[in-house]
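**Student:** Sharing a model that was predicted from the sequence below.
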Amino acid sequence: MSDETNGCEAIQETVVEWLSRPMTAVAAPLSAAAAAHVLVCDSCREFAEQAAMIATLVRTDPSPVPPARTWDDLGAAVERAVRPAAAPPRRRIVVRSLVFTAAAAAVTIALVSSDVRRAPIATSATSDPVGAVSAGVRELMPQVSATLVDYSEGMRDDTTFDRVFDRGIGR
Amino acid sequence: METEDRALVHAFRHGEHSAFTAIVIKHRQTVYQVARRMMGNHEDACDVTQEVFIRAFRGLRAFEGNASLRTWLYRIAVNLCLDQRGKLGRAPLLALEEDWDWPAPPREAPGEVVEQRETRREITGAIASLPPRQRAAVVLRLFHDLPYAEIASIMGCTEGTVKATMFAAFGKLRTRLRGLLPTRRAGDQRS
């Protein structure tokens, strides 16, 4: 019975199961049969003794104790890592800010373009169109006076511009 | 699932952030020890422990509660360790006397303390020499006293596979620790 056979291997597997807690992990009849075999089989008895010794040695090995600050560091690291998950995702924030910027830009463009399209504000006909230019200049450059008159009229009628350019200022 | 864990998970799902902190405090020690035994050094064990709880935070809302919270956390830890097989294979694992913070030593004679540490070094070295899945089975079985069914759930296999894995691990440990184990002499044989 001392040769290690397939039968012995099955017994030894059961022996490893004996090392569990609680011992009732192995069914009682099988346990009894294995125990009976171990009593008469040197190989299995040696295996059982060594397995029990291994289990004892391993179980009496002290549990590792982490350095003092480990748990503080762990808590802080986990907190840091999971906090963004509680807040809105970064992508959503970026999209939201882009939408807001685009909306603001659209409003600004609409306001500016509506101002450009608006008809020129009419000025009083009684205003002196040439008052800003000195008499000396008007004498030297008669076309300046005519242009100023056209410009003043253009405030009321923007087609005057065409006439001003047709006249050829400065020629 | 344990009543306390169930209450904590329930509270967390209902927005009680502090419930997650309580879960971390309750399970961090054992998760760390599994990782430490598997990875063999404090730094890697810390990384694994941290990642376990980050994944737990993200997955706890979807956690169905079929297994216990402890089993679920261990499963994450073991899978993370097994994912780092390369690291497990090349981890030195023997520089433990310098690396580990041993509990306060008993008041034996200095010679006995040295002998005990040498024995521990051999045990840890033998466990470290096991293939990762065998190491996981031994750690969960012998250090954490988990039943085969729970180990099977953690490792994603059948109980039979766990038993076979344990048996194979014992075979390797026997060879590796031969010097520490009792042997039967011819005269001890029974008639």
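**Tutor:** Arrived safely. Note that the structure is predicted; figures quoted are calculated from it, not measured.
**Student:** got the contact list for the residue nearest to B:M39 when sequence neighbours are not counted?
**Tutor:** Of all residues not flanking B:M39 in the chain, B:A45 sits nearest, at 5.0 Å (Cβ to Cβ, 6 or more residues apart in numbering or on different chains). Yep, even glycine has a C-beta here, placed from its N, CA and C like the rest. Residues in contact with B:A45, defined by Cβ atoms under 8 Å, 6 or more residues apart in numbering or on different chains, are A:P64, A:P66, B:Y32, B:A35, B:R36, B:M38, B:M39.
**Student:** at 7 Å instead, please
**Tutor:** By Cβ atoms under 7 Å, 6 or more residues apart in numbering or on different chains, the contact list for B:A45 reads B:Y32, B:A35, B:R36, B:M39.
**Student:** what's the burial count for the last one?
**Tutor:** Looking back up the chat, that one is B:M39. By the criterion of other Cβ atoms under 10 Å in any protein chain shown, B:M39 has 25 neighbours.
**Student:** Repeat that for the second one.
**Tutor:** By the other Cβ under 10 Å criterion, the neighbourhood of B:A35 contains 28 residues.
**Student:** Quick one: low-confidence residue ranges for chain A.
**Tutor:** Applying pLDDT under 70 to chain A picks out residues A:1-6, A:20-30, A:84-96, A:114-171.
**Student:** got the contacts of B:A45 as JSON lines, with pLDDT and secondary structure columns?
**Tutor:** Below are those laid out as JSON lines (pLDDT from 0 to 100; DSSP: H, G, I helix; E, B strand; the rest coil):
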{"residue": "B:Y32", "pLDDT": "95", "secondary structure": "helix"}
{"residue": "B:A35", "pLDDT": "93", "secondary structure": "helix"}
{"residue": "B:R36", "pLDDT": "91", "secondary structure": "helix"}
{"residue": "B:M39", "pLDDT": "89", "secondary structure": "helix"}
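**Student:** Out of those, which is nearest to chain A?
**Tutor:** Using Cβ to the nearest Cβ, B:R36 comes nearest to chain A of the contacts of B:A45, at 4.5 Å.
**Student:** OK, contacts around that closest one?
**Tutor:** Counted by Cβ under 7 Å, 6+ apart, B:R36 has contacts A:P64, B:H42, B:A45.
**Student:** change it to 10 Å
**Tutor:** The contact partners of B:R36, by Cβ atoms under 10 Å, 6 or more residues apart in numbering or on different chains, come to A:63-66, B:42, B:44-46, B:48-49, B:81, B:99-100, B:139, B:143.
**Student:** Then B:V34?
**Tutor:** Going by Cβ under 10 Å, 6+ apart, B:V34 touches B:45, B:48-49, B:52, B:73-74, B:77-78, B:81, B:136, B:139-140, B:143-144, B:146, B:154.
**Student:** Is B:L130 part of a helix or strand, or is it coil?
**Tutor:** For B:L130, the assignment made with DSSP: H, G, I helix; E, B strand; the rest coil gives coil.
**Student:** Quick one, which of the contacts of B:R36 are buried?
**Tutor:** A:64-66, B:42, B:44-46, B:48-49, B:81, B:100, B:139, B:143 (16 or more other Cβ atoms under 10 Å in any protein chain shown).
**Student:** Need the max-distance pair from the residues you listed.
**Tutor:** By the measure Cβ to Cβ, A:V65 and B:C81 form the most distant pair in the buried ones among the contacts of B:R36, at 19.4 Å.
**Student:** if we can go back for a sec, need the worst-confidence member of the buried ones among the contacts of B:R36.
**Tutor:** Least confident entry in those, by pLDDT: B:W100, with 51.
**Student:** now, which of the contacts of B:R36 sits nearest B:R13?
**Tutor:** The nearest member of those to B:R13, counting by Cβ to Cβ, is B:T49 at 22.8 Å.
**Student:** you'd agree that closest one is up against B:Y74?
**Tutor:** No. If you go by Cβ atoms under 10 Å, B:T49 and B:Y74 don't touch, sitting 11.6 Å apart.
**Student:** Identify the contacts common to these two.
**Tutor:** By the contact definition Cβ under 10 Å, 6+ apart, B:T49 and B:Y74 are jointly contacted by B:H27, B:T30, B:V31, B:V34, B:A35.
**Student:** now the residues you listed as CSV including secondary structure?
**Tutor:** Converted to CSV, the shared contacts of B:T49 and B:Y74 look like this (three-state DSSP):
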residue, secondary structure
B:H27, helix
B:T30, helix
B:V31, helix
B:V34, helix
B:A35, helix
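**Student:** Next, count neighbours for residue 75.
**Tutor:** Defaulting to chain A. There are 16 residues near A:G75, going by other Cβ under 10 Å.
**Student:** looking at chain B here, not the other one
**Tutor:** When neighbours are counted by other Cβ under 10 Å, B:R75 comes out with 17.
**Student:** before we move on, what about the one 5 residues further on?
**Tutor:** As a burial measure, B:L80 scores 19 neighbours (other Cβ under 10 Å).
**Student:** How about the one 3 residues further on?
**Tutor:** Around B:D83 sit 13 other residues, with neighbours defined as other Cβ under 10 Å.
**Student:** Likewise for B:P182?
**Tutor:** 11.
**Student:** Please name the nearest non-neighbouring residue to residue 75.
**Tutor:** Picking chain A for this. For A:G75, ignoring the flanking residues on the chain, the nearest one in space by Cβ to Cβ, 6+ apart is B:V24 at 6.6 Å.
**Student:** my question was about chain B
**Tutor:** Leaving aside its chain neighbours, B:R75 sits nearest to B:I154 (4.6 Å; criterion: Cβ to Cβ, 6+ apart).
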